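K.L.:
need the 3D shape of this:
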Amino acid sequence: MTAGPHAAHGADELCAQGAELYARALREGHISGAEAEQAPCLPAFGLLQPAVADLDRLEPVPAAVALQELLHASAERIAGERRRETRLALAFEPLLRASADLTGATGETPAIRVHSGFDRINHAIGEALTRAATEVLTVQPGGKRPVDQLAVALPREQAILARGCRMRTLYQHTSRHDPAVLAHYELLGGDVEVRTLDETPERLVVIDRTVAFVPASADRTLAVEIRHPPLVTYLSTVFDRLWRLATPMYPQAVQHPTVNGVTPRQRAIAALLVEGHTDGAIADRLGMNIRTARLHIAKLAATLGSESRAQLGYLIGQSGMLEQQGEVGP
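P.N.:
Residues are numbered from 1 along each chain as shown. From the prediction side, this is the model:
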């Protein structure tokens, strides 16, 4: 029986036709792409996604996961309003400073400052790095770093190392396959160590464990400079604990072995699949594109003999592969 045309409704509403089709997808494990076209609100809400074995077949996404993705988008809109508030605060900064001068302010560097725009952010970080005396800790999330960024960073980092500082950097595992990153650190020399993780937090720079920089917006056009000792200590401790869990990449690389045909990258994807994340969320968290993520998922399904996403989650749990990951040296 063919359903009638999809009734128009608000962008934040789920119609009865869509709810009925989603319930059937949950019962049967999937629906066809043609059936999904009868209720376009389901893909729009992220309640359906392509099946691993057949991209023309759609499987239901857990409602809790879809809701989380929608709330994340809402949070991004709210963050946009907060950025506007920050821009207003920056616009008033000269007036506030003039007022402070009239009232006899001390002029000390504030414990927390907001920098807006890439030029101001890079200038603030660059100024702090010129005064680095002992150590620079950095988290670089995402995949490959652009070659032009590496070229700009090279002389500045060489100057830091020439002053006797040590540098420790955390990347995501995808950077292990970037020849430009490895060549960059071979050119640097000095007291440099690089390790990688499947997932990292947002970008972080800690200098001499006295000043730290973190993004204040999703697009990194806002950054916070932190000189408050307890906060900087906290961020340094977080880095140290992530460092212990990370895999050495430079100067000596360590490779985790493939176990029973499952690679370390596939084990990381398996852990996120079991948690119920969508393909897009998995790709974003592991610093890869969605096509690569789906290719790994398909290989994982083939290795375990899975014919559906639901069965894949069950087989991952039964395989014990998620118990095979451990800590890497000090």
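
K.L.:
check the gap between the closest residue in space to residue 285 that isn't next to it in sequence and residue 271 for me.
P.N.:
Spatial nearest neighbour of residue 285, chain neighbours left out: residue 199 (5.3 Å); criterion: CB to CB, 6 or more residues apart in numbering. (Glycine included, C-beta is placed from N, CA and C.) As judged by CB to CB, to the nearest Å, residue 199 and residue 271 stand 10 Å apart.

K.L.:
likewise residue 225?
P.N.:
Distance from residue 225 to residue 271, by CB to CB: 34 Å.

K.L.:
go on, residue 295?
P.N.:
In terms of CB to CB, residue 295 sits 17 Å off from residue 271.

K.L.:
can you check residue 290 too?
P.N.:
The gap separating residue 290 from residue 271 is 18 Å, by CB to CB.

K.L.:
residue ranges of the strands in this protein, please?
P.N.:
Under the criterion DSSP state E, strands of the chain are mapped to 31-32, 48-50, 57-60, 112-116, 135-140, 166-172, 192-197, 204-207, 211-215, 222-226, 247-250.

K.L.:
can you list the strands that the first one pairs with?
P.N.:
For strand 31-32, the pairing partners within the sheet under DSSP bridges are strand 57-60 (antiparallel).

K.L.:
more neighbours, residue 295 and residue 271?
P.N.:
Neighbours were counted for residue 295 and for residue 271 using other CB atoms under 10 Å; residue 271 has more, 17 against 12.

K.L.:
buried set for stretch 125-136?
P.N.:
Buried residues in stretch 125-136, counted by 16 or more other CB atoms under 10 Å: 125, 128, 129, 132, 135, 136.

K.L.:
repeat for stretch 215-232
P.N.:
Residues 215, 216, 217, 221, 222, 223, 224, 225, 226, 227, 232 are the ones in stretch 215-232 that count as buried (16+ other CB under 10 Å).

K.L.:
pretty sure the last one is in contact with residue 214, am I right?
P.N.:
In other words, residue 232. No. Counting by CB atoms under 8 Å, residue 232 stays clear of residue 214, with 10.5 Å between them.

K.L.:
now do the shared contacts for the two.
P.N.:
Common contacts of residue 232 and residue 214 (CB atoms under 8 Å, 6 or more residues apart in numbering): residue 226.

K.L.:
so for residue 125, what pLDDT did the model give?
P.N.:
pLDDT, residue 125: 94.

K.L.:
excluding its backbone neighbours, what's nearest it?
P.N.:
residue 213 (5.5 Å).

K.L.:
can you report how many residues neighbour the one you found?
P.N.:
Residue 213 has 23 nearby residues by other CB under 10 Å.

K.L.:
how about residue 38?
P.N.:
17.

K.L.:
check residue 281 too.
P.N.:
Neighbour tally, residue 281, other CB under 10 Å: 19.

K.L.:
that one reaches residue 69, doesn't it?
P.N.:
Yes. Residue 281 lies in contact with residue 69 (CB under 8 Å); the separation is 6.9 Å.

K.L.:
got the contact list for residue 287?
P.N.:
141, 142, 143, 172, 173, 174, 175.

K.L.:
excluding residues flanking it in the chain, which one is nearest the first one?
P.N.:
Pointing back at residue 141 there. Residue 141 sits nearest to residue 200 (CB to CB, 6+ apart), 4.5 Å away.

K.L.:
mind putting the buried residues of stretch 125-136 into TSV with distance to residue 78?
P.N.:
Below are the buried residues of stretch 125-136 laid out as TSV (distance: CB to CB, whole Å):
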residue	distance to residue 78
125	27
128	30
129	32
132	35
135	36
136	33
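
K.L.:
between which two of those is the distance greatest?
P.N.:
125 and 135 (15.2 Å; CB to CB).

K.L.:
before we move on, the earlier item: you'd agree the residue nearest to residue 285 is up against residue 286?
P.N.:
Yes. Residue 199 is in contact with residue 286 according to CB under 8 Å; the separation is 6.5 Å.

K.L.:
intersection of neighbour lists for these two?
P.N.:
172, 268.

K.L.:
span of stretch 157-176 from start to end?
P.N.:
With CA to CA, to the nearest Å as the measure, the first residue of stretch 157-176 is 20 Å from its last.

K.L.:
tell me the buried residues in that stretch?
P.N.:
So, applying 16+ other CB under 10 Å, buried residues of stretch 157-176: 157, 160-161, 165, 167-176.

K.L.:
which of those residues sits closest to residue 242?
P.N.:
The shortest gap between residue 242 and any of these belongs to residue 170, at 6.0 Å (CB to CB).

K.L.:
hmm, back to that, please produce CSV containing the strands of the chain, extended by mean pLDDT and distance to residue 183.
P.N.:
Conversion of the strands of the chain to CSV gives the following (pLDDT from 0 to 100; distance: least, CB to CB, whole Å):
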stretch, mean pLDDT, distance to residue 183
strand 31-32, 84, 49
strand 48-50, 83, 37
strand 57-60, 83, 42
strand 112-116, 90, 30
strand 135-140, 95, 16
strand 166-172, 93, 14
strand 192-197, 91, 12
strand 204-207, 96, 22
strand 211-215, 95, 26
strand 222-226, 94, 28
strand 247-250, 89, 11
